[in-house]
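>>> predicted model, plus sequence, below.
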Amino acid sequence: MVTAHMTKMAAVGALLATFAASPAALADENDFQLRRLAERSEVTVLDPVTGVPTTRFNAVPDEAAFKALSLELGQVLGPKFLAPAETLGQAGFDLGVDISLSTVDGTGAHWRALNGGGTDNFVTGQLHLRKGLPFSFEVGATLGHLFNSEMFLVGTELKFSLNEGFVYLPDIAVRGTFNTLVGAPDMNLATTGFDISISKAFGVVGAMSLTPYLGYNQLIIISSSRLLDVSPEDPTQPTINEMTGELDFQPEFVFGTEVQTVNRFFVGTRLIFGVLNLTLEGAFSGEVQTYSGRVGFDF
């Protein structure tokens with residue numbers, strides 16, 4: 001199991017070499033339409049113009065599918081860690097490019113919402129900017145993109161090191177994050193949470209620094225849908241039945257707000273050569289496994 005995880009992390013490292021040359025998303029296989037998570041229930045009503053009996057559709061939303069989609073997509077698009085517990089210092093500044101491969105169970109019925117159908121993995125990339133502050137604080141911002149989609153993620157973070165810089169003691173830090181999804185016309189999705197990490201730096205042949213780290217993250221995923229229509233090809237507006245006082249048919253629906261909590265664990269290592277740093281990481285939960293790599297520059 002560990003060997004398989006390390007192999008996937010190495011594959012992510014190879015993907016970093018091609019990230020800078022990757023074109024903008026040309027396809028939309030990873031975009032989705034949430035109306036596909038509702039069944040169409042036939043109902044016969046009188047056409048309001050002709051008075052002829054006509055087949056219309058009521059929406060029967062699959063709430064469980066929406067909840068499952070939100071849970072896994074929130075982890076795919078959630079914050080990456082890709083840094084040990086130490087902060088950059090008051091004058092420190094770091095700019096990096098990250099790429100991540102997230103694996104999911106593509107057989108889940110909720111993935112029918114995707115334009116390309118079910119999938120076993122997603123690739124995301126992000127620009128990550130971090131700035132050191134006084135008193136062992138650090139602030140950061142991210143701009144992420146889900147490949148083969150029109151979806152982006154904008155995020156911010158605040159980190160505080162509880163202990164750093166001691167010769168014989170490890171560094172320990174806590175971080176809070178907030179990310180929000182943009183570019184998804186059907187869905188509202190945001191993640192927030194905190195993580196705690198521990199790390200220790202070691203010198204390598206006097207010219208490099210190797211810093212392994214591990215940690216725990218609690219991620220809160222908040223999702224809902226906008227107004228959806230199970231029968232968008234039918235422009236007919238529902239009418240009120242004079243006998244019952246209810247709508248003759250109702251193709252429109254929404255998925256209500258879901259708030260879900262996920263526990264994730266992560267492990268990684270960073271190697272520094274001068275101003276250049278390379279990081280490999282794995283993050284694991286019960287639903288989604290994410291393998292990430294990063295190339296960064298410290299100033």
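Everything's here; your move. Note that this is a predicted model, so its numbers are computed, not measured.

>>> leaving out chain neighbours, which residue sits closest to the spatially most central residue of the chain?
For the chain, the residue nearest the mean C-alpha position is L77 (0.9 Å; CA atoms, centre = their mean). Residue nearest to L77 in three dimensions, not counting chain neighbours: L153, with 5.1 Å by CB to CB, 6 or more residues apart in numbering. In this view, the C-beta of every residue, glycine as well, is placed from N, C-alpha and C.

>>> just to revisit the earlier point, my read: the residue nearest to the centre of the chain touches L146, true?
Yes. Counting by CB atoms under 8 Å, L146 is a contact partner of L77 at 6.5 Å.

>>> shared neighbours of these two, which are they?
Common neighbours of L77 and L146, counting by CB atoms under 8 Å, 6 or more residues apart in numbering, are T124, L153.

>>> how far away is the residue nearest to the centre of the chain from G144?
Distance, L77 to G144, by CB to CB, to the nearest Å: 7 Å.

>>> please enumerate the shared neighbours of those two.
Common neighbours of L77 and G144 are listed as T124, L153, N179 (criterion: CB under 8 Å, 6+ apart).

>>> export those residues to JSON lines and tack on neighbour count, distance to L271 and secondary structure?
Below are the shared contacts of L77 and G144 laid out as JSON lines (neighbours: other CB atoms under 10 Å; distance: CB to CB, whole Å; DSSP: H, G, I helix; E, B strand; the rest coil):
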{"residue": "T124", "neighbour count": "24", "distance to L271": "22", "secondary structure": "strand"}
{"residue": "L153", "neighbour count": "23", "distance to L271": "27", "secondary structure": "strand"}
{"residue": "N179", "neighbour count": "23", "distance to L271": "27", "secondary structure": "strand"}
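
>>> out of those residues, who's nearest L162?
L162 lies nearest to N179 out of these, by CB to CB, at 23.6 Å.

>>> who does the residue nearest to L77 bridge with?
Here L153 sits in beta bridges with G144, L181, going by DSSP bridges.

>>> next: F137.
Beta bridges link F137 to L133, F160 when assigned by DSSP bridges.

>>> just checking, it touches K159?
Yes. With contact defined as CB under 8 Å, F137 reaches K159; the gap is 6.9 Å.

>>> more crowded one of these two?
Applying other CB atoms under 10 Å to F137 and K159 shows that K159 carries more neighbours, namely 24 against 15.

>>> what's near enough to touch the more buried one?
Going by CB under 8 Å, 6+ apart, the list of residues near K159 reads T87, F137, E138, V139, G140, A173, V174, R175, G176.

>>> kindly report the same for F253.
With the criterion set at CB under 8 Å, 6+ apart, F253 makes contact with A38, A59, P61, L227, L228, D229, V230.

>>> hmm, try it at 6 Å
F253 sits next to A59, P61, L228 when contact means CB atoms under 6 Å, 6 or more residues apart in numbering.

>>> low-scoring stretches of the protein, by residue?
The chain contains residues with pLDDT under 70 at 1-27.

>>> show me what the lengthiest strand in the chain is in contact with.
When the chain is parsed with DSSP state E, its longest strand is strand 208-225. Applying CB under 6 Å, 6+ apart, the contact partners of strand 208-225 are 34, 70, 74, 78, 84, 186-197, 199, 201-202, 204, 254-255, 257-273.

>>> quick check on those: which are buried?
34, 70, 74, 78, 84, 186-187, 189-193, 195, 197, 199, 201, 255, 258, 260, 262, 264, 266-270, 272 (16 or more other CB atoms under 10 Å).

>>> could you list which of the residues you listed belong to helices?
Counting by DSSP state H, the buried ones among the contacts of strand 208-225 place S70, G74 in helices.

>>> which of the buried ones among the contacts of strand 208-225 fall within strands?
Residues of the buried ones among the contacts of strand 208-225 located in strands (DSSP E): 187, 189-193, 195, 197, 199, 258, 260, 262, 264, 266-270, 272.

>>> A283 and L219, how far apart?
10 Å.

>>> compare these two (neighbour count), which wins?
Legend: neighbour count by other CB under 10 Å for A283 and L219, higher for A283 (26 against 23).
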